[in-house]
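Let me see the structure of the following:
(chains A and B)
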Amino acid sequence: MSDFFNHGWSVFVAAVTVVSLIACLWLLIVASRRVPMADDGSTGHVWDGDLKEMNNPLPRWWAVLFVVTVFAGGGYLAMYPGLGSHAGQLGWTSEREYQEEQAKARETMAAQYAPFAGQPAEVLAKDATAMGIGERLFLNNCAACHGSDARGSKGFPDLTDRDWLYGGTPAIIEETIRKGRHGMMPPMAEAIGGGANVSNVANYVLSLSGSPHDWVKAMDGKEKFAACAACHGVGGKGNPALGAPNLTDKVWLHGWGEQAIVNIVTQGKSSVMPAHEARLTDQQIHVLAAYVWGLSNGAAAAK
Amino acid sequence: MKVIPIVPAAEDEPRSIWLYEKQKKIHPRSVTGRFARWRWIMVWLTQLVFYGLPWLTWNDRPAVLFDLDARRFYIFELVLHPQDFIFLTALLILSAYGLFLFTAVAGRLWCGFTCPQTVYTEIFLWVERRFEGDRLARMRLDAAPWSWNKAWRKTGKQAAWLAIGLWTGISFVGYFTPIRDLTGELVSFGLGPWETFWVLFYGFATYGNAGYLREQVCLYMCPYARFQSAMFDRDTMIVSYDPQRGEARGSRSRKADPRALGLGDCIDCSLCVQVCPTGIDIRDGLQYQCISCAACVDVCDGVMDKMQYPRGLIRFATQNQLVNRWSRAQVLRRVLRPRVLVYSGVLLVIACAFVVSMAMRSPFKVDVVRDRGALARLVGDGQVENVYRLQVMNVTERTQRYRVTVEGIDGAVISSAYSLDVGSADARWLPVSVRVPYETATTLGPGAHPLKFRIERQHDGADAAAAVVEKSTFVVPR
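Predicted structure coming up:
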């Protein structure tokens, strides 16, 4: 990898660096001796009648320190990157240092998480330490979408109710966090005949949860709902294996009302929950899943 | 005065001079007297505090501990968070104005009596004197060839210096790692890499600065040395030789009348030069090298006593006093000049502000952070809900319970947990949801509306009730 688009630049920068270092030494040597200009040790220049420029010699130890820094600079350039694109003997990179720090932090962290390994979510949800860690993990990794209070918003599921798209057991929550989810509803307007049928199906869907609807339209839509039943089930109860939402409850992830449903049926929907296995360790995911499970089942839900 | 004839060098052979000057070793002669005693008092005072503080305990923890990992700074009852950085700023301003003030009044007192460079040099010189004797003995020892006598004296001195340096390094790190743990780690060779580095670095710096560099630090490194003299004026008390009284100098018998010999009071014994830690002759007048340690004052007073002349040939005096032969009262009157009054006034104002803000410091701090992912959401019955995160920082060392309420919007209520416990010197996040009824939201209209969080600390034992109000906004969507 090169920081330069042309190797010549690397050589140029390295040359300038080396020449500067040598020039420092050369300057020290050149400036070390001089012939006094006046008998009293001054330069012989006088201003305002009595202001003389005296010779105030630099302490020798100071000059020695100067030389030491020049050689230290040379040593640094040999060991670390700095001389053009020369990588240095130690092979140091900021990325490697970051990886090492991460590895070290993970090691320290492992000890903190050790007591939670193999503990079921039911137990962890009652453990104040585990839940404290879970809360912090949640705020740092999940709250941006699901909200600090985990109650979500439009398009982002509420994690505190008992309604789950893919199932709410600790194992499934863990899998959701680890691998992420991709919820896909294809545009269905043509499959159900288009036109007025879309509005009819929407009213039928509203009727499933006992929401306000036009019962005439709903009657007409019932037949066409067969196309939807492939995923949402004949009774509209949904299918956790596919992540197909239950349409019979009053949870409306993408908005409530006929128009919202018509939009989804016409345009389809694709929502993604990103995978976190690369960002979090298995131990973290285990505790986090227990915390999320606890939001609707454990001590936190009782509060 | 001695006149050294200047012989012109041969014209055809100009001799060049070396421009990197070798440090001339200064062997200050030991001195006793009023100011020497003051300096030793200051040495004891500053070093008892420095070496002693890390050992004090308070609330079952070190009384003074700067815990960099946890970012908590404990100073007796105070627990400071990084958010309290302003207090450090105030402390630095106080120190700066303090320095300005007493430099204007009495010169470089800081340099001569309390500066660590002076204090450690004094301690190291004392050790040197124990092993190698006073000025003359030391000079003789340095010139002598190596012998058993010279070897053990030099080794003993080095060992003592290194021990003091190392202990200083350990005490320094003891402000950042509890010193009892630190000494335990030291005994079991379990010191961390950074602790080892800082113990050795600070120890070596003490050893090098106080053992070898000494006056070089004041002459070449210290910025104060250069700018403190800019704060002098003709009414500043500085260590001065009184030339009107002293000249012409010359040796004489104790019984002789100097006036009859045409001499002043200075007997030209050169003791003032021998005791000077920076190697200058105070009789040449005010020089930037003078650290105002007053060693020459002490030694000259001793000589004057022996000669039965009045003391004070070298003394703390203002330039006006020396030139105009002012009386003590006249000098004291000039202390209250505008520059001193302005410095004192500013110092007083800052000190008051510092004390008052410390006293009125809230026992806890709160940050309100709005959720950014979703600004607002609609919940059952058309209510509008906003989510916030409150960080509550407890600056006391007892667990406290806090309660959160909202004000500023009629009908706004908290629909989530509204109380939390925060442990000693800890900080915790509390997610808070705030709901506003449909009617209010309609009246307010879409947009951001001011909302206040009121966080109350419950009255509990020694801790009185307290409250903090933090501003935020409530968003009603379109």
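
how deep is residue A:208 tucked in, by neighbour count?
A total of 19 residues lie near residue A:208 under the criterion other CB atoms under 10 Å in any protein chain shown. In short, each C-beta sits where N, CA and C put it, glycine included.

residues touching it, list them.
A:235, A:236, A:247, A:248 (CB atoms under 8 Å, 6 or more residues apart in numbering or on different chains).

Buried ones among those residues?
A:236, A:247, A:248 (16 or more other CB atoms under 10 Å in any protein chain shown).

quick one: secondary structure of the last one?
Taken by DSSP: H, G, I helix; E, B strand; the rest coil, the conformation at residue A:248 corresponds to coil.

That one contacts residue A:237, doesn't it?
Yes: if you go by CB atoms under 8 Å, residue A:248 and residue A:237 touch, sitting 5.9 Å apart.

Looking at the chain, which residue reaches furthest from the middle?
No chain specified, so I'll use chain A. Relative to the centre of chain A, the most outlying C-alpha is that of residue A:39, 72.3 Å out, by CA atoms, centre = their mean.

Not quite, go with chain B.
Relative to the chain centroid, chain B (CA atoms, centre = their mean) has residue B:381 farthest, 63.2 Å.

That one and residue B:435 touch, don't they?
No: look at residue B:381 against residue B:435 with CB under 8 Å: they stay out of range, at 9.9 Å.

got the contact list for the residue nearest the centre of chain B?
By CA atoms, centre = their mean, chain B has its centre lying nearest to residue B:95, at 7.3 Å. If you count contacts by CB under 8 Å, 6+ apart, residue B:95 has none.

Confirm it sits in a strand?
No: counting by three-state DSSP, residue B:95 falls outside a strand, being helix.

roughly how far apart are it and residue B:438?
Taking CB to CB, to the nearest Å as the measure, residue B:95 falls 59 Å from residue B:438.

Quick one, grab the pLDDT at the residue lying closest to residue B:446 once chain neighbours are set aside.
Nearest residue to residue B:446 in three dimensions, chain neighbours excluded: residue B:478, at 4.4 Å (CB to CB, 6 or more residues apart in numbering or on different chains). Looking at residue B:478, its pLDDT reads 78.

so where do the strands sit in the stretch 101-250 of chain A?
A:181-185 (DSSP state E, counting those that start in this stretch).

What parts of it come near chain B?
A:135-136, A:139, A:143-154, A:156 (CB under 8 Å from any CB of the partner chain).

Which of those sits closest to residue B:306?
Comparing these against residue B:306 with CB to CB places residue A:136 closest, at 76.4 Å.

can you count the residues close to the closest one?
15.

For the nearest residue to it once chain neighbours are set aside, give me the pLDDT.
Spatial nearest neighbour of residue A:136, excluding adjacent residues (CB to CB, 6+ apart): residue B:429 at 7.6 Å. Residue B:429 carries a pLDDT value of 88.

SS state for residue B:429?
strand.

just the one 5 residues further on next, same as before
Secondary structure assignment for residue B:434 (three-state DSSP): strand.

Residue A:293 too?
Classified using three-state DSSP, residue A:293 is helix.

How much space separates it from residue B:431?
Residue A:293 is 17 Å from residue B:431, by CB to CB.
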